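[1] Sequence and predicted structure below; questions after.
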Amino acid sequence: MSALTTKSMEVNAISSSPTQRMKIGDFLLRRLEEAGVRHLFGVPGDYNLALLQQLVDTGTLKWIGTCNELNASYAADGYARLNGLGALLVTNGVGALSAINGVAGSYSEHVPVICISGSIPLRSIDRGLGMHHTMADGTFDHFLGAYARVTAAQTRLTPRNAATEIDRLILTAWREKLPVYLELPSDIAYLDIEVPAGPLVLTEPPSDAERLRSCIAAIAARLSAARSPAILVDADADRFGVASDLMKLAEKMQAPVAAINAAKGVIDETFSHYLGIYAGKASEPNVREAIETSDCLFSIGYRPIEVTTGDFTASLPADTIHGRGYSVDIGDDNYQAVTLKEVVRGVIDAVPQVTNRAPRGAAAAIAGTHADGSTKLTQVAYWQAIQGYLRPGDVLYVDNGTSFVLLGLKLPPNCTFVGSINWGSIGYSVGALLGALTAAPNRRHLLFIGDGSFQVSAQELSTILRHDHKPVIFLINNGGYTIERGYLGKTEAYNDVANWAYSDLPKVLCPDTSARSFIVKTSNDLQSALSTPNDTMIFVESIMDAHDAPAVVTRSSNKGAELDYGPRGPQYRDNLQLRPVI
Ligand SMILES: Cc1ncc(C[n+]2csc(CCOP(=O)(O)OP(=O)(O)O)c2C)c(N)n1
Ligand SMILES: [Mg+2]
């Protein structure tokens, strides 16, 4: 392509709609706001301060400074889960690479996050000037390259491309439900360019009318003819906003719905057609039967991995209909250019109302407590008490570890579950808590985390306190990485962590705090912590034995060790692995 052709394409890109002149940084902030982003998480650095000053001067977004960029990436992810889109601002290299774990997690979990890196001035790139926060080798593409592996789109803004690239990246994140990465060279934030005058409208690409009609007809024909139709949802049912439509479809078809772990809480667990979690052989028998023997299973966004399939024991019927964000697989047919929402709505209209199929009961919730309240707190008694504490509308966070037991509790109506089941980076939940608290400050937020995971991102408690949020934090202090002891190293020191005065932390991180802290050693202690009103932050540190692990967790860790280390691995050695207490 000649230089001339390239130039004319750039000029044409925004020529047909009304334009105005605006500073690049101001335009970026304006577009974020138009896309529904009201807060920006991150850490300042010289390369991004110009944009931060524009944020202050324009009063567009609210800045939520975090202790580090990893936590900012987790916060933007948690924010996006409740808000539909989130954003963070980092500085070149050092900040961008601190955030990359969290941004990759957003990719794995299908969460739309916009990562903005204030980067090296174009002046230095043009002249090849060595700069700080680079490899000092006169090249500047390393971090764009790194992010190319973990985002759906990446770009370095220039005065020529900013007007179109900003829109392309925001729209890509929103449409694909994936993160994007955008470098804003520090010397162009204050330059005026010509930008569209109208607002950015977030719309899905319209379906191809014929493909949509045929796809709906094919699904409806299969569902209508089926004797035992069923629906299985993964996280995309939430990300693409079809959960309530799927419940309408289930209602109309009188068909059961199950979720995989990664979609915990996406379907209201009190819904009469909700069955429970499907994870192959690890599921309740009624869930397994309904899914595996269905003569028409409609799955949404199914992305099986070992921890969501009972170690690959999940077995969906061969003729399962696979619905995804923008395509559907039915037998030999693959439908492109269809949007999930239009497909599901069309199917609801096309299937007949069924009246003669009895709803199948949901799996039983965790049994009631009968432990002696004055004896040492156990995991069993702990989770029984937590089950009773959950309320409609709660936002629940789970980190990696024995806290995974939360996945087995029955959630009241309208709860939101925030977890990172596919990516599983410990510490995620503390940053995500900050983000989701920022997006939905009026809901009750409950965090369930172990001591090991907490130690990764604990500083962010200070930001949560600084903004006067009032979550309840349930921390299990069991001296280390108990879930890992079920893989290997039951008593090895590598699975120990230092003992912190966890319950003192709110005071340390925010001296004027009115947070209430509890050190819980018995069920009675736990009950008194649970009866505290939610008008301040409540920090509940529960002391439990390092070898007290729910069987569901140890069994899964033991299986994981077989998969990870193979038949010649060390896991079979005497007493090297924490095993379930039968
Ligand atoms: C970033 C990261 N590093 C390491 C791991 C491996 N890992 C998974 S769970 C876990 C231990 C969690 O321990 P804790 O939070 O104390 O939970 P417990 O099982 O003791 O309740 C570790 C180290 C991980 N998932 N993510
Ligand atoms: Mg622990």
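    On my side now, so go ahead. It should be emphasised that the depicted structure is a prediction, and the values quoted were computed from it without experimental measurement. Ligands and ions are numbered 1, 2, ... in the order given.
[2] would A237 count as being in a strand?
    No. Read with DSSP: H, G, I helix; E, B strand; the rest coil, A237 is helix and lies in no strand.
[3] And the pLDDT at it?
    Per-residue confidence (pLDDT) for A237: 98.
[4] Not counting its neighbours along the chain, what's nearest it?
    Counting by Cβ to Cβ, 6 or more residues apart in numbering, the nearest residue to A237 once its immediate chain neighbours are dropped is I300, at 4.4 Å. Where C-beta positions appear, they are placed from N, C-alpha and C, glycine not excepted.
[5] so who does V405 touch?
    Q379, W383, P550, V552, V553 (Cβ atoms under 8 Å, 6 or more residues apart in numbering).
[6] ok, now R21?
    Counting by Cβ under 8 Å, 6+ apart, R21 touches D192, I193, E194, V195.
[7] how about the residue lying closest to the first one once chain neighbours are set aside, phi and psi?
    The shortest distance from D192 to any residue other than its chain neighbours is 4.9 Å, reached at R21 (Cβ to Cβ, 6+ apart). Listed backbone geometry of R21 is phi -100, psi 140, with angles given as degrees, to the nearest 10.
[8] you'd agree V90 is up against Y47?
    No. Using Cβ atoms under 8 Å, V90 is not in contact with Y47, being 9.1 Å away.
[9] What pLDDT is listed against the residue in the chain that ligand 2 sits nearest to?
    With Cβ to the ion, the shortest gap between the chain and ligand 2 falls at G450, namely 3.5 Å. pLDDT, G450: 98.
[10] Count the residues that sit near it.
    25 (other Cβ atoms under 10 Å).
[11] Please name the residues that touch it.
    G450 touches D399, N400, G401, T402, S403, L475, I476, N478, Y481, T482, I483, counting by Cβ under 8 Å, 6+ apart.
[12] Contacts only, for E541.
    Each residue near E541 by Cβ under 8 Å, 6+ apart is listed here: L475, N477, Y502, S503, S517, F518, I519, V520.
[13] Go again with 7 Å.
    Taking Cβ atoms under 7 Å, 6 or more residues apart in numbering, we find E541 in contact with L475, N477, Y502, S503, F518, I519, V520.
[14] Next, the residue of the stretch 1-150 of the chain found nearest ligand 1: phi, psi?
    Ligand 1 sits closest to N101 of the stretch 1-150 of the chain, with a gap of 6.8 Å, by Cβ to the nearest ligand atom. The phi/psi pair for N101 (degrees, to the nearest 10) reads phi -60, psi -50.
[15] before we move on, what about G310?
    phi 60, psi 50.
[16] about what we covered before: give the closest residue to the residue of the chain closest to ligand 2 in space, chain neighbours not counted.
    G450's closest residue in space is G401 (Cβ to Cβ, 6+ apart), at 3.6 Å.
[17] that older thread, of the contacts of R21, select the buried ones using a ChimeraX command.
    Buried residues among those (16 or more other Cβ atoms under 10 Å), as a ChimeraX selection:
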select :193,194,195
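[18] For the contacts of R21, which two are the farthest from each other?
    Pairwise distances across the contacts of R21 peak at 9.3 Å for D192 and V195 (criterion: Cβ to Cβ).
[19] List the residues that are in contact with both of those two.
    Residues touching both D192 and V195 by Cβ under 7 Å, 6+ apart: M22.
[20] T536 belongs to a strand?
    No. T536 is assigned coil when assessed by three-state DSSP, not a strand.
[21] can you pull the pLDDT of it?
    97.
[22] Verify the stated contact: it with S517.
    No. T536 is not in contact with S517 according to Cβ atoms under 7 Å; the separation is 10.1 Å.
[23] ok, those two, which is more surrounded?
    S517 (19 against 16).
[24] re the thing from before, could I get the contacts of V405 as TSV with secondary structure, distance to ligand 2 and pLDDT?
    Listed next are the contacts of V405 as TSV, based on DSSP: H, G, I helix; E, B strand; the rest coil; distance: Cβ to the ion, whole Å; pLDDT from 0 to 100:
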residue	secondary structure	distance to ligand 2	pLDDT
Q379	helix	11	97
W383	helix	15	98
P550	coil	13	95
V552	helix	16	92
V553	helix	11	95
